[in-house]
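>>> Test case, fold it:
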Amino acid sequence: MRVMKFGGTSVGDAHRMRGVVALVEEARKTERVALVASAVSGITNLLVDAARVAQEGEPVQAACARFEDTHSAIAKALSADLKPAQTRPLAEGLVALGAELRGLLQGVGLLRECSPSVLAHLSGLGERASCLLLAALLEARGLQPTSLDPRQVLLCSGDPLQATPRVEEIRARFAPFRDGGPGLLLMPGFF
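Below is the predicted model of the structure:
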């Protein structure tokens, strides 16, 4: 299986996401692929800053709006590439991530604290949004990705921001995917 990891600049807009999908499509002709995607460039910093602002008791609506607007704009730019059956679930998924972001930041603001696990969760929202966008585009191209939640397969111990992988358990969780599983896996790059 070929692992293809794309950073924030590589998934920075609709045009670049199309490029990622074209590379995956080409690789998929000869091998199974695991696609790992980062957040759109600037989004992880936005989320970390929003957590700090919320912790200080300041308003975070602008950060939430920027998160939502960035991903909605990419979805809109990709809409011509997508089939009608994909646009609604994509929009609903992005709305759900926006609601999750607002809920997490509200909790941080109320408690005036952001634990490492909450910060890790917040930081991963950008990668999850990128994966929603990429999944819709991959499906539109007939590539049928299998989305993986890294929290279910990349088991770790310790501080969520400096975790230690539990290698044997990870190998066991990935066994079904290594042994003739789906031809295309899609997974967020931060969890």
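
>>> for the protein, what spans make up the helices?
14-28, 43-55, 61-78, 84-111, 116-123, 125-140, 150-153, 167-178 (DSSP state H).

>>> Extract the residue ranges of the protein that are flagged as low pLDDT.
Scanning the chain for pLDDT under 70 picks out the ranges 191.

>>> and with 90 instead?
1, 8, 83-86, 150-152, 154, 158-163, 174-183, 189-191 (pLDDT under 90).

>>> what's the neighbour count on the closest residue to Ala50 other than its chain neighbours?
Once flanking residues are discounted, Ala50 sits nearest to Ala63: 3.7 Å by CB to CB, 6 or more residues apart in numbering. For every residue, glycine as well, the C-beta is placed using N, CA and C. For Ala63, the neighbour count with other CB atoms under 10 Å is 20.

>>> for Leu122, same thing?
If you count neighbours by other CB under 10 Å, Leu122 ends up with 21.

>>> just checking, Leu132 touches Glu92?
No. Counting by CB atoms under 8 Å, Leu132 stays clear of Glu92, with 9.6 Å between them.

>>> So for these two, which sits in the more crowded spot?
Set side by side, Leu132 and Glu92 show more neighbours around Leu132, with 25 against 11, by other CB under 10 Å.

>>> what's that one in contact with, if anything?
71, 90, 93-94, 97 (CB atoms under 8 Å, 6 or more residues apart in numbering).

>>> and the end-to-end length of stretch 27-44?
28 Å (CA to CA, to the nearest Å).

>>> Quick one: residues contacting Val3.
Contacts of Val3 by CB under 8 Å, 6+ apart are 33-34, 36.

>>> Give me the distance between it and Thr164.
21 Å (CB to CB, to the nearest Å).

>>> same check, this time on Leu94
Taken as CB to CB, the span from Leu94 to Thr164 is 33 Å.

>>> So for the two, which residue has more residues nearby?
Leu94 (22 against 9).

>>> okay, now the closest residue in space to the more buried one that isn't next to it in sequence: neighbour count?
In this structure, Leu94 finds its nearest non-sequential neighbour in His71, 5.1 Å apart by CB to CB, 6+ apart. Per other CB under 10 Å, the neighbour tally for His71 reads 26.

>>> cool, Thr146 as well?
If we define neighbours as other CB under 10 Å, then Thr146 has 14 of them.

>>> wait, what's in contact with the nearest residue to it once chain neighbours are set aside?
Computed as CB to CB, 6+ apart, the closest residue to Thr146 that is not its neighbour in sequence is Pro182, at 4.0 Å. Pro182 makes contact with 32, 144-146, according to CB under 8 Å, 6+ apart.

>>> Can you flag the buried ones in those?
When the contacts of Pro182 are checked for burial by 16 or more other CB atoms under 10 Å, the buried set is 32, 145.

>>> could I get the contacts of Pro182 as a markdown table with distance to Ser10?
Output for the contacts of Pro182, formatted as a markdown table (distance: CB to CB, whole Å):
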| residue | distance to Ser10 |
| --- | --- |
| Arg32 | 20 |
| Gln144 | 22 |
| Pro145 | 17 |
| Thr146 | 21 |
